[in-house]
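A.B. asks: Give me a model of this one.
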Amino acid sequence: MIIDAHQHYWRVDRGDYDWLTPGLAALYRDFLPGDLAPHLRRAGVAGTVLVQAAATEAETRYLAALARDTPSVLGVVGWFDMEAPGADARIAALRADCGPVLKGFRPMIQGLPDDEWVAAPGLDAAFAAIESAGMTFDALVHPRHLPPLLRRLERHPGLRTVVDHCGKPDIAGGRFDAWAADMRAIARSTGALCKLSGLPSQADPSQGVAALRPYVELLLEEFGPRRLLWGSDWPVLTARAGYGHWLEDTRRLLLGLSDADQEAILADNAVRFYGLAVAEDGREADSGGT
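C.D. replies: Predicted coordinates for the structure are as follows:
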């Protein structure tokens, strides 16, 4: 069984994707369930986690509505305004509107002007509300955000956290040591998981899978196979690689692991972390609670 723990849908005319501009030619169009479905079938993917792409609560509700009409979507990671008062009430309202398919939240940390934002004391109540609601936290960060992220996670040891896209190491630039030290600290000092996703986008198009190997080996060593989740990051992936190509590269990078460890990374860890409901034969089942 394969679970894609990180993919997106968007419809450009919704108008709240601040980062999505005509300059991103390959991505500046609608990407909807009908576009991804053939790739899921060919790859044998049993279900996906649909992750927010706009910093609005309206998009979270839009994604939940899409999920209700898309059996392959097993969970949604949304967004809410963590700087606004009343975090508990905002989360409760989104859960009421979206239903049990809503599994967690992702602030778009990578695009914020303040690199220290995630550690700001003013967000303590919002992070506490995510934790007390039993929801997950996806950390969308660049390497420069890893030290403040560690400080945040050390204050919330019970927060169910996953670092998106391996913390976006600069593979194209060959930068490794500082990223590795910071990811090692997060792995050893917190219970966070890490998504094995987004690496093709961090590499130069001329680099092959060998360029990714040192980064994956570091993550395997520090997080271990039971704290890594595979994700496609489709359709962002399409600017660098095909869906099946990234999955096959992932299998090459995981060669040498036991079948059980590979299954954990490719499916089981996502099911456990997000609380996904999947039928025993790997087919999508009704989404359960969070």
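
A.B. asks: So what touches stretch 8-15?
C.D. replies: Counting by CB atoms under 8 Å, 6 or more residues apart in numbering, the neighbours of stretch 8-15 from elsewhere in the structure are 17, 20, 28-33, 36, 50-54, 58-59, 62-63, 66, 233-236. Heads up, the C-betas are built off the backbone N, CA and C, glycines and all.

A.B. asks: Now that stretch - C-alpha only, PDB.
C.D. replies: As requested, the backbone C-alpha atoms of stretch 8-15 are provided in PDB (Å, rounded to 0.1, in the frame of the first residue of the first chain):
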ATOM      1  CA  HIS A   8      -2.200  19.900  -3.500                       C
ATOM      2  CA  TYR A   9      -5.100  21.000  -5.500                       C
ATOM      3  CA  TRP A  10      -5.800  24.600  -6.600                       C
ATOM      4  CA  ARG A  11      -8.100  26.600  -8.800                       C
ATOM      5  CA  VAL A  12      -6.500  29.800  -9.900                       C
ATOM      6  CA  ASP A  13      -9.700  31.800 -10.200                       C
ATOM      7  CA  ARG A  14     -10.200  31.500  -6.400                       C
ATOM      8  CA  GLY A  15      -7.700  34.300  -6.100                       C
END
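
A.B. asks: Any buried residues in it, and which?
C.D. replies: Judged by neighbour count (16 or more other CB atoms under 10 Å), stretch 8-15 contains these buried residues: His8, Tyr9, Trp10.

A.B. asks: likewise stretch 223-237?
C.D. replies: Of the residues in stretch 223-237, those scored as buried under the neighbour-count criterion (16+ other CB under 10 Å) are 223, 225, 227-237.

A.B. asks: returning to that earlier point: could I get the buried residues of stretch 8-15 in a markdown table, plus columns for distance to Pro214, secondary structure and pLDDT?
C.D. replies: Rendered in a markdown table, the data for the buried residues of stretch 8-15 read as follows (distance: CB to CB, whole Å; DSSP: H, G, I helix; E, B strand; the rest coil; pLDDT from 0 to 100):
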| residue | distance to Pro214 | secondary structure | pLDDT |
| --- | --- | --- | --- |
| His8 | 27 | coil | 98 |
| Tyr9 | 32 | coil | 98 |
| Trp10 | 32 | strand | 98 |
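
A.B. asks: Let me know the closest of the residues you listed to Pro100.
C.D. replies: Pro100 lies nearest to Tyr9 out of these, by CB to CB, at 19.1 Å.

A.B. asks: mind checking how far the closest one is from Leu257?
C.D. replies: Distance from Tyr9 to Leu257, counting by CB to CB, to the nearest Å: 31 Å.

A.B. asks: Just the contacts of stretch 8-15: which are in helices?
C.D. replies: Taking DSSP state H as the definition of helices, the contacts of stretch 8-15 contribute Pro33, Leu36, Ala58, Glu59, Tyr62, Leu63, Leu66.

A.B. asks: Most neighbours among these, which one is it?
C.D. replies: Among the ones in helices among the contacts of stretch 8-15, Leu63 has the most neighbours (other CB atoms under 10 Å), with 27 neighbours.
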